[in-house]
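# Structure, please.
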Amino acid sequence: MSSKLKVTLIKSPAGRLENHKLCVRGLGLRRMHHSRIVENTPENRGMINKVSYLLKVEEVS
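Next comes the predicted model:
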């Protein structure tokens with residue numbers, strides 16, 4: 001069973017690069033301080049790494 005990550009948007013994507021905004025939306029985050037639990041897959045990891053300066057990431061069991 002793969003692990004899961006809790007991703008929280010802590011900075012606004014307004015005024016950022018369009019690709020970064022799309023990564024935030026791809027992770028399912030819609031507004032500030034909104035959290036989602038996502039699978040720890042290479043695809044999600046890539047999106048998280050690209051916009052890591054906007055996110056807080058925690059591992060959940």
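
# buried residues in the helix or strand hosting residue 46?
Element membership for residue 46 (DSSP states H and E) is helix 42-50. For helix 42-50, a neighbour-count test (16 or more other CB atoms under 10 Å) marks 44, 47, 48, 50 as buried. Where you see a C-beta, it was placed from the backbone N, CA and C, and this is true even at glycine.

# now, which of these sits nearest residue 57?
residue 48 (6.0 Å; CB to CB).

# what's near enough to touch the closest one?
5, 7, 27, 55, 57 (CB atoms under 8 Å, 6 or more residues apart in numbering).

# could you measure it against residue 12, distance?
In this structure, residue 48 and residue 12 are 17 Å apart, going by CB to CB, to the nearest Å.

# swap in residue 32?
6 Å.

# before we move on, what about residue 56?
14 Å.

# All the strands of the protein, in order from the start?
4-9, 35-39, 55-60 (DSSP state E).

# Out of those, flag the one nearest residue 23.
Closest to residue 23 of these is strand 55-60 (CB to CB; 9.5 Å).

# buried stuff in the closest one?
Buried-residue list, strand 55-60, by 16+ other CB under 10 Å: residue 55.

# and if you look at stretch 17-28?
For stretch 17-28, by 16+ other CB under 10 Å, it's 23, 24, 27.

# Redo the residues you listed as JSON lines? Include distance to residue 37 and pLDDT.
Below are those laid out as JSON lines (distance: CB to CB, whole Å; pLDDT from 0 to 100):
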{"residue": "23", "distance to residue 37": "17", "pLDDT": "97"}
{"residue": "24", "distance to residue 37": "16", "pLDDT": "97"}
{"residue": "27", "distance to residue 37": "10", "pLDDT": "97"}
